[in-house]
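A.B. asks: What follows is a protein structure lacking sequence information:
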């Protein structure tokens, strides 16, 4: 019996699939500095927006926090990482768990403003949304999730399918 109970809730290192572009558990101490460390083994670390400091990002050690007072205070995925996703032949899944309060204005949470996916909190609906941006910064898709921005912890998941080739 004790062998079974000893395994319940055991934390093990996650070994992401080779299909991952990046894996950000974002459970880092302040000492990790100004990057959100990619744990996929590919070294695709995310950076901070211009207005986000390490002190704000890791204000609660072990949890990534954006300072939602300006649109440039969020986690940024570099163009070089986003470019690894071929939207014509590959699906993309973005999943995260977080507490996002209702914003006073539409704010970035995570992603890239000029290319690929960008997750943001919309003040008009108090919901999390995703946009896809073309290589030249042109928005070509945006949608809202049903999960709200209400300060409670929620799981968010966005799945973007490759074009149907039937």
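C.D. replies: All right, it came through fine. What you see is a predicted model, and the numbers here were worked out from it, not measured in a lab.
A.B. asks: Buried residues in stretch 36-47, which are they?
C.D. replies: Along stretch 36-47, these residues count as buried under the neighbour rule (16 or more other C-beta atoms under 10 Å): 36, 37, 38, 39, 40, 44, 45, 46. Every C-beta, even on glycine, is put in place using the N, C-alpha and C of the backbone.
A.B. asks: ok, now stretch 155-166?
C.D. replies: Neighbour-count burial for stretch 155-166 [16+ other C-beta under 10 Å]: 156, 158, 160.
A.B. asks: And the closest residue to the last one other than its chain neighbours, how far from residue 74?
C.D. replies: So that's residue 160. Distances taken as C-beta to C-beta, 6 or more residues apart in numbering place residue 92 nearest to residue 160, at 4.4 Å, with adjacent residues excluded. Distance, residue 92 to residue 74, by C-beta to C-beta, to the nearest Å: 19 Å.
A.B. asks: Read off the pLDDT value for residue 44.
C.D. replies: pLDDT, residue 44: 91.
A.B. asks: which residues of this structure fall in strands?
C.D. replies: 35-36, 46-48, 75-76, 92-99, 107-111, 116-122, 127-133, 139-148, 153-160 (DSSP state E).
A.B. asks: Setting the sequence-adjacent residues aside, check what's closest to the most centrally placed residue in the chain.
C.D. replies: By C-alpha atoms, centre = their mean, the chain has its centre lying nearest to residue 110, at 4.6 Å. Of all residues not flanking residue 110 in the chain, residue 75 sits nearest, at 4.4 Å (C-beta to C-beta, 6+ apart).
A.B. asks: For that neighbour, give the beta-bridge partners.
C.D. replies: residue 48, residue 110 (DSSP bridges).
A.B. asks: burial measure for residue 66, as a count.
C.D. replies: 22 (other C-beta atoms under 10 Å).
A.B. asks: Tell me if I'm right that it and residue 58 touch.
C.D. replies: No. When contacts are counted by C-beta atoms under 8 Å, residue 66 is not listed as touching residue 58 (11.2 Å).
A.B. asks: still on that earlier bit, is it possible to export the buried residues of stretch 155-166 to JSON lines including distance to residue 125 and pLDDT?
C.D. replies: Converted to JSON lines, those look like this (distance: C-beta to C-beta, whole Å; pLDDT from 0 to 100):
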{"residue": "156", "distance to residue 125": "14", "pLDDT": "83"}
{"residue": "158", "distance to residue 125": "16", "pLDDT": "83"}
{"residue": "160", "distance to residue 125": "20", "pLDDT": "83"}
